[in-house]
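Student: coords please:
(chains A, B, C and D)
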Number of protein chains: 2
Amino acid sequence: MRELFHPSIEQLSLSALLNALGDPIRLQIIKNLAISGETTCACCNIDLTKSALSHHFKVLRESGLINVRIDGKQRFLSIRYDDLKERFPGLLEAVIHNL
Amino acid sequence: MRELFHPSIEQLSLSALLNALGDPIRLQIIKNLAISGETTCACCNIDLTKSALSHHFKVLRESGLINVRIDGKQRFLSIRYDDLKERFPGLLEAVIHNL
DNA sequence: TAAATAGTTCAATACTATTTGAACTATCGA
DNA sequence: TCGATAGTTCAAATAGTATTGAACTATTTA
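Tutor: Sure thing, here's the model as predicted:
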């Protein structure tokens, strides 16, 4: 695996984003990323197997909420603030503000 | 059935709200309510059986997104703007603005 | 009181999501 | 190159959600 799929700004869907956010574990991941900035998958402090975490990262990535940057043997996760702000202004700000 | 359960402001949960919103049909219902104001269940213009619609109304009501007021043989649905604004300021505004 | 109206509930089915552990890929360091 | 590290993918199990039609409740109107 070299490149990971990330939806373009035009491909973002409101219901897919809300659906991805509507899970307590994924919301916790977003909260951690909002606090810590870019981090690796392992830095999420969530008590789940790594394959279950990988599943949630995939849902977040494919919905457009996060960017996954591959660097060596690690993947760095970050919230796609600018893209989300452009497509759905105010939405992510409101969610994060209410975490 | 005389009284319907509606969660109090303190009982509202962000992930339950986002989960309720993260479904295209329920988002369409919210859109219709945002445009039309209070309406009956039958006024949703959604091509689903009435039992399926009833299910979605229940999810929206139990998550705290809508209020259901019984009046005679009809139920009038409306968005709980004020309660949501108090508990999660900016959230619903952002969603509705991006519908 | 009988029929119509508005919606809920139930049981069954189908579909979708979550979780786990094992096997896998890719990269880095010794 | 060997082993460790970081994470993905797969198959299988489980759990949860959505949909339908039929039966039901409550209310209104004739």
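
Student: pLDDT below threshold where in chain A?
Tutor: For chain A, the stretches with pLDDT under 70 are A:1-2.

Student: So which bits of it are right by DNA strand C?
Tutor: Residues of chain A lying close to DNA strand C by CB under 7 Å from any atom of the strand are A:1-2, A:19, A:23, A:25, A:48-49, A:51-52, A:55-56, A:59, A:71-73. In this view, the C-beta of every residue, glycine as well, is placed from N, C-alpha and C.

Student: at 6 Å what do you get?
Tutor: A:1, A:23, A:25, A:48-49, A:51-52, A:55, A:59, A:72-73 (CB under 6 Å from any atom of the strand).

Student: For those residues, give me JSON lines that also has distance to chain B.
Tutor: Below are those laid out as JSON lines (distance: CB to the nearest CB, whole Å):
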{"residue": "A:1", "distance to chain B": "27"}
{"residue": "A:23", "distance to chain B": "6"}
{"residue": "A:25", "distance to chain B": "9"}
{"residue": "A:48", "distance to chain B": "16"}
{"residue": "A:49", "distance to chain B": "21"}
{"residue": "A:51", "distance to chain B": "22"}
{"residue": "A:52", "distance to chain B": "17"}
{"residue": "A:55", "distance to chain B": "17"}
{"residue": "A:59", "distance to chain B": "11"}
{"residue": "A:72", "distance to chain B": "33"}
{"residue": "A:73", "distance to chain B": "32"}
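
Student: Now, of these, which are buried?
Tutor: When the residues of chain A next to DNA strand C are checked for burial by 16 or more other CB atoms under 10 Å in any protein chain shown, the buried set is A:23, A:25, A:59.

Student: Chain A: strands as residue ranges?
Tutor: A:39-40, A:66-71, A:74-79 (DSSP state E).

Student: From the centre of chain A, point out the most distant residue.
Tutor: What lies farthest from the middle of chain A is residue A:72; by CA atoms, centre = their mean that is 19.9 Å.

Student: How about residue A:40: what's its closest non-neighbour residue?
Tutor: In this structure, residue A:40 finds its nearest non-sequential neighbour in residue A:74, 4.8 Å apart by CB to CB, 6 or more residues apart in numbering or on different chains.

Student: Now for the one you found: which residues touch it?
Tutor: Residues near residue A:74 by CB atoms under 8 Å, 6 or more residues apart in numbering or on different chains: A:40-42.
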